[in-house]
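Visitor: Below is the structure, and that's it, no one-letter string:
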């Protein structure tokens, strides 16, 4: 891996893939088609893109039960335990509605309400992603969303992976459809005969799914469009090079555009990690992907001191940050921008991907400067409550009317004054 | 106003103005220019669009002091009182960072951090909008944002309105620039010699401002793009027609595309309100705007009973909802979707626009189904904290590795296992 001194301005912003003109118009055509033809279009696209000739889109109870039989019992119980951990963590995020009252009889507050219906997209392809099911569904469930709809493209035999169905059941999904791609997003946004529309669509997908989510945004809400995964590791000479190398590679294996960075105060550690990465890389099944990511986006920065190193981390605003220094927990207060912060050598990043409880849907591409991990509040919204008493309005009517007139809005002033005409 | 029975599917979705092709390319050209030329471009556009030849962009302390002298003392104290009310309400929205710990020594939590820098756009034009300054700045200030930058286009003499400068000072802004339009948004997003870049841009503006915000989104965060204002009033025969008419017109005067709706269980009230609207309309200074809005988007729905009426309100998901029924507060639990809910006849909507404390930046266009009023959390973000103890990882390493392998991610499994090679 390349070793560098820290430049003045660190930035690793990579553009989010916004697709080709062909991809964008294909997505628009699919959405139009689904809005016109409904289920017929969904079935036709599923045959065309997924190679599956389905009679219906719905996953029935028998298929879910079969999934439990198909999946190794040990894995079923790991998924169950992960679901419990994720639920417990997200339950801590709940905030109640609140109200203040004063002696005049006036009440002000905020009412928290869950979204009515949420759609969760789960990608298909060669691997199954049960962790994605848990991480997207559980917060919605904890938020109190009544209707959670999962969509995922079937394989050519018309099936969804057993692990995905088990995770869906454990997370509490009761409505699952075998449909993927832009057509699934269109169905969730606008509804068809068998799929009622939802208010928000979350979950990762390929470029067609991402473009479709962008296209329907506004009519429904969407989660962030994620860029490639990133890790930044902040380490001093107390850290073990083999552990750092393994952690850097665990990001790199995701995607040739994944980004693995070490920021360290130790030149010796930098050199040792660089060697370790080359060594471990050779032994990985996904070594081609990981090697390309390390070559293009892997960097080791050597800082003069810990403050310079921390400043670099804040400039990167990484999706995942590992702190592998002595007294790592004491550095927490100086970290301003990171999606998830893993402290100490027994908190390797995969702990957070699958199991510990915090969400693995995190802000990428430097957006941790202003965005948060997926959380319960992403599935709720607030309404302000204003109950003014007669006494309170009487005391303040002139001021409110004067403020309205200052902004040139006479009818606003008169709406306030209308309350007192009858006295 | 038109009186209607309730249709099966109520929907008043109006498309958000997405601009013409010319407007979009003009905005892109301005952004490119500001990124290349910096302050020079800002000064040139300010001369071109606002007619002001400025020497510098910064509003200095003397100008702010002059604003206090220029503005009526009564209005200064109303602005001060409104700022206090808004601050007190938003302080209730603060949630602390939190942490859980277990007996193994493991800690999980969420760290809340304010954004570093926020830009607030304040529209110019014929009127001054001090309320917009307060509503956008105060939540950022309460959130703990260190750097709040205000931009607003000057008049031809190079000045900003006194009320806007007073509101900025009272809200706690210490950095103000005389620049508006797409050029101001570009400066905030990418920085120039005199304006350092920010992390998020909020505040309303014309179509050029809205298009520029869309364009820079992703590089910085933005608030929602607001549609025209709306009010829905839910009333039974206990309500006064003149008050309802005044409230409907207070929305209508905003914009020819503003939307004023009454949903009532009383045919007699419907008819009385319809007459009152015509009567009061004649007396309004902005009657042409209000008349057009009432004609195109004003509707009175008559419901068979209160449940049908409430169902209609939930389908509309209005920006502002007034409840003018007997025991209005008891209906709160049935209202699922509304930006702000005003209960009782002494809570006319302008109370919330200027003074009570809750934010007047609210979800429009039916997006109250999934969006919230502007609030303190819009200016903060969260980082997950994961600190696993050796004991905890030892107990769970095999499960985490198995989960990673189920998803085909071998390097993830090895990152966990690397912790135990040295034992």
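Guide: Sure, I can see it. Just so it is clear, the model here is predicted, and its values are computed rather than measured. Numbering: from 1, shown residues only, chains lettered A, B, ... in the order given.
Visitor: hey, where'd the strands end up in the stretch 1-150 of chain A?
Guide: With DSSP state E, counting those that start in this stretch, the ranges of strands along the stretch 1-150 of chain A come out as A:2-5, A:98-101, A:107-114, A:117-121, A:147-152.
Visitor: Of those strands, flag the one that's most buried.
Guide: With neighbours defined as mean count of other C-beta atoms under 10 Å in any protein chain shown, these peak in mean count at strand A:117-121, which reaches a mean of 27. C-beta: built from backbone N, CA, C; applies to glycine.
Visitor: That strand close to chain B?
Guide: No - contact check for strand A:117-121 against chain B, using C-beta under 8 Å from any C-beta of the partner chain: none in range, with a minimum separation of 9.1 Å.
Visitor: Out of the strands of the stretch 1-150 of chain A, point me to the one whose mean pLDDT is lowest.
Guide: Taking the average pLDDT of each of these, the minimum falls on strand A:2-5, with a mean of 90.
Visitor: Now do the buried residues in the lengthiest helix in chain A.
Guide: Residue-count comparison of every helix in chain A, with assignments taken from DSSP state H, identifies helix A:73-91 as the longest. Neighbour-count burial for helix A:73-91, with 16 or more other C-beta atoms under 10 Å in any protein chain shown as criterion, is recorded at A:75, A:76, A:78, A:79, A:82, A:83, A:85, A:86, A:87, A:89, A:90.
Visitor: Of those, which is the nearest to chain B?
Guide: residue A:78 (4.7 Å; C-beta to the nearest C-beta).
Visitor: so what's that closest one up against?
Guide: Contacts of residue A:78 were listed using C-beta atoms under 8 Å, 6 or more residues apart in numbering or on different chains, and they are B:399, B:402, B:403.
Visitor: separation between the residue nearest to the second one when sequence neighbours are not counted and residue A:170?
Guide: Right, residue B:402. Across the structure, with C-beta to C-beta, 6 or more residues apart in numbering or on different chains as the measure, the residue nearest residue B:402 apart from its sequence neighbours is residue A:78 (5.8 Å). Taking C-beta to C-beta, to the nearest Å as the criterion, residue A:78 is separated from residue A:170 by 11 Å.
Visitor: Which residues of the stretch 51-200 of chain A lie near chain B?
Guide: Selection of the stretch 51-200 of chain A residues close to chain B by C-beta under 8 Å from any C-beta yields A:74-75, A:78-79, A:81-82, A:89, A:92-93, A:95, A:98, A:100, A:108, A:110-111, A:113, A:115-116, A:126-131, A:163, A:199-200.
Visitor: Nearest to residue A:356, out of the strands of the stretch 1-150 of chain A?
Guide: Nearest of the strands of the stretch 1-150 of chain A to residue A:356, taken as C-beta to C-beta: strand A:117-121 at 20.8 Å.
Visitor: now the closest one against strand A:147-152, angle please.
Guide: Inter-element angle recorded for strand A:117-121 and strand A:147-152: 20 degrees (by axes from the mean of the first three to the mean of the last three C-alpha atoms, to 10 degrees).
Visitor: which helices and strands does strand A:117-121 pack with?
Guide: In this structure, strand A:117-121 makes packing contacts with helix A:130-143, strand A:147-152, helix A:181-190, strand A:200-202, judged by 3 or more C-beta pairs under 8 Å, 6 or more residues apart in numbering or on different chains; DSSP states H and E.
Visitor: just these: most buried one?
Guide: Ranked by average neighbour count under the criterion mean count of other C-beta under 10 Å, the helices and strands packed on strand A:117-121 are headed by helix A:181-190 at a mean of 28.
Visitor: Can you work out which other helices and strands pack against that one?
Guide: Judged by 3+ C-beta pairs under 8 Å, 6+ apart, the packing partners of helix A:181-190 are helix A:21-37, helix A:39-50, strand A:117-121, strand A:147-152, strand A:200-202, helix A:207-216.
Visitor: Need the winner for burial among those.
Guide: Counting by mean count of other C-beta under 10 Å, strand A:117-121 has the highest mean neighbour count of the helices and strands packed on helix A:181-190, with a mean of 27.
Visitor: Pairing partners for that one, with directions?
Guide: Paired strands of strand A:117-121, with direction, are strand A:147-152 (parallel), strand A:200-202 (parallel) (DSSP bridges).
Visitor: CSV please, covering the contacts of residue A:78 and showing pLDDT.
Guide: Rendered in CSV, the data for those read as follows (pLDDT from 0 to 100):
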residue, pLDDT
B:399, 97
B:402, 97
B:403, 96
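Visitor: Nearest to the spatial middle of chain A, which residue is it?
Guide: residue A:361 (3.2 Å; C-alpha atoms, centre = their mean).
Visitor: From what I see, that residue and residue A:226 are in contact.
Guide: Yes - at 7.4 Å, residue A:361 counts as touching residue A:226 under the criterion of C-beta atoms under 8 Å.
Visitor: tell me, what's touching those two both at once?
Guide: In contact with both residue A:361 and residue A:226: residue A:204, using C-beta under 8 Å, 6+ apart.
Visitor: on that earlier part again, among the helices and strands packed on strand A:117-121, which comes closest to residue A:306?
Guide: helix A:130-143 (32.4 Å).
Visitor: all strands of the stretch 201-350 of chain A, in order?
Guide: With DSSP E, counting those that start in this stretch as the criterion, the stretch 201-350 of chain A has strands spanning A:221-222, A:230-235, A:259-264, A:299-302, A:320-324, A:340-343.
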